[in-house]
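In: Build me a structure from this.
(one chain, ligands or ions: 1)
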Amino acid sequence: MLYDAAQPDVVAVSALARDLVPALTAWLAAAPVEQLSWHHSAQPLPHAATEAEYTALVRTGVAAIEEKEVVKVVTSRAARRALPTGFDPLAAFDDLSQKYPQAFVSLVSVPGVGTWLGATPEILAEVTADGTFRTMALAATQPLTADVTPRTAIWRQKEIEEQALVARYIVSCFKQLRLREYHETGPRTVIAGQPAAPAHRLRGEPAARAVPVVGHRYAAAAAPTSAVGGMPKVAAMAFLNKHEGYDRAYYSGFLGPVNVAAPGIARLYVNLRCLQLHAHEAVLYAGTGLTVDSDPEREWQETEMKLQTVGTVIAAAS
Ligand SMILES: C=C(O[C@H]1C=CC=C(C(=O)O)[C@@H]1O)C(=O)O
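Out: Presented below is the predicted three-dimensional model:
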């Protein structure tokens with residue numbers, strides 16, 4: 001499934017994905033690595049914001065919240081990193097899979113789309129074999145340190161508010177789909193990464209029994225969620241289009257296996273902690289949810305921390 005934030009009405013789903021898997025797996029196993037050609041997007045490289053530019057964007061975001069233009073907005077930035085000679089995307093994929101066993105690690109290379117590598121912890125929507133539909137409200141991240149565990153993590157007002165906004169947004173999407181019966185657990189702190197860029201998140205997990213199509217409809221209605229766009233959605237997106245200053249491309253869109261395990265089973269993830277490969281460099285993406293209490297310097301540091309998730313595989317290959 002492919003979704004591009006710039007074309008929110010277009011969601012491409014392969015009905016035959018399951019039938020393609022054996023042929024693709026055999027092809028990958030048979031092709032020598034040097035013969036695999038990785039697609040590069042024809043789009044120009046995005047502007048990579050400096051610290052001064054990003055903190056200024058955060059200040060503008062906080063001012064927009066103070067002026068009640070938006071309730072919450074999630075600003076983001078791109079960062080460019082030179083690729084080490086002979087960088088092997090398949091080895092980087094293996095490396096990420098080992099480092100982040102709880103994340104959805106993906107390597108996607110499509111003509112016209114380019115090559116994207118990522119390790120996202122965030123489920124957008126899931127439909128399981130028994131027809132259960134699940135989603136989660138993630139927001140806020142803090143570094144995992146020796147003396148902070150999920151049991152002892154303390155969250156500030158800003159983060160509690162941020163997570164509550166995302167949860168409320170999800171419930172409003174349920175209402176839109178006339179999905180009235182669901183149950184909610186949490187929020188509870190979870191580990192959303194492994195040593196390289198560890199983080200804790202708050203998570204609510206509303207679940208509802210539903211026909212499989214709800215997953216698809218929910219994903220199309222909810223994306224971009226308030227965890228990656230903001231609230232209200234239209235005002236937050238207008239703010240980002242005006243001020244963010246670069247094209248997010250597939251970052252903060254969604255991806256995942258649909259109809260692969262069996263028809264109707266889907267697991268869609270928000271495309272976070274990802275990078276796009278270009279011929280000689282990678283573009284990494286990260287963002288942070290702003291509320292009225294956001295501190296620009298802390299938000300910059302949070303993006304730095306998040307960039308390390310995929311940044312480590314480039315550093316490891318150097
Ligand atoms: C925009 C990103 O994270 C969003 C999703 C979850 C937690 C977030 C946070 O910690 O601020 C953000 O809202 C990103 O990781 O690039």
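In: tell me the SS of the residue of the stretch 101-250 of the chain found nearest the ligand?
Out: Distance from the ligand to each residue of the stretch 101-250 of the chain (Cβ to the nearest ligand atom) is smallest for residue 141, at 3.5 Å. Where you see a C-beta, it was placed from the backbone N, CA and C, and this is true even at glycine. Per DSSP: H, G, I helix; E, B strand; the rest coil, the secondary structure class of residue 141 is strand.
In: Would you point out which residue is most central in this structure?
Out: Nearest to the mean C-alpha position of the chain, counting by Cα atoms, centre = their mean, stands residue 272 at 2.5 Å.
In: can you list contacts of the helix or strand where residue 52 lies?
Out: Using DSSP states H and E, residue 52 sits in helix 51-66. Outside helix 51-66, the residues that touch it by Cβ atoms under 8 Å, 6 or more residues apart in numbering are 49, 70-73, 75, 77, 239, 243-245, 288, 290-292, 294, 296-297, 299-300, 303.
In: still on that earlier bit, in this structure the residue nearest to the centre of the chain contacts residue 123, no?
Out: No - using Cβ atoms under 8 Å, residue 272 is not in contact with residue 123; the gap is 11.1 Å.
In: Who are the contact partners of residue 176?
Out: residue 221.
In: Quick check: residues of the protein near the ligand?
Out: The chain comes close to the ligand at residues 74, 76, 122, 138-141, 227-228, 272, 286-289, 306, as judged by Cβ under 6 Å from any ligand atom.
In: Could you list which of those belong to strands?
Out: Those of the residues of the chain next to the ligand mapping onto strands are 74, 76, 138-141, 286-289, per DSSP state E.
In: Mind putting those residues into TSV with neighbour count?
Out: Output for those, formatted as TSV (neighbours: other Cβ atoms under 10 Å):
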residue	neighbour count
74	25
76	21
138	29
139	29
140	24
141	21
286	23
287	24
288	26
289	29
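In: Tabulate those residues (TSV), appending pLDDT.
Out: Below are those laid out as TSV (pLDDT from 0 to 100):
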residue	pLDDT
74	97
76	98
138	80
139	78
140	76
141	78
286	96
287	96
288	94
289	93
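In: Now flag whichever of the residues you listed is closest to residue 260.
Out: Checking these against residue 260 with Cβ to Cβ, the nearest one is residue 138 at 23.4 Å.
In: pretty sure the closest one is touching residue 159, no?
Out: No - if you go by Cβ under 8 Å, residue 138 and residue 159 don't touch, sitting 11.2 Å apart.
In: pLDDT at residue 48, what is it?
Out: If you check residue 48, the pLDDT there is 97.
In: That one and residue 81 touch, don't they?
Out: No - using Cβ under 8 Å as the test, residue 48 is too far from residue 81 to be in contact (9.4 Å).
In: Find residues that contact each of these two.
Out: Counting by Cβ under 8 Å, 6+ apart, nothing touches both residue 48 and residue 81.
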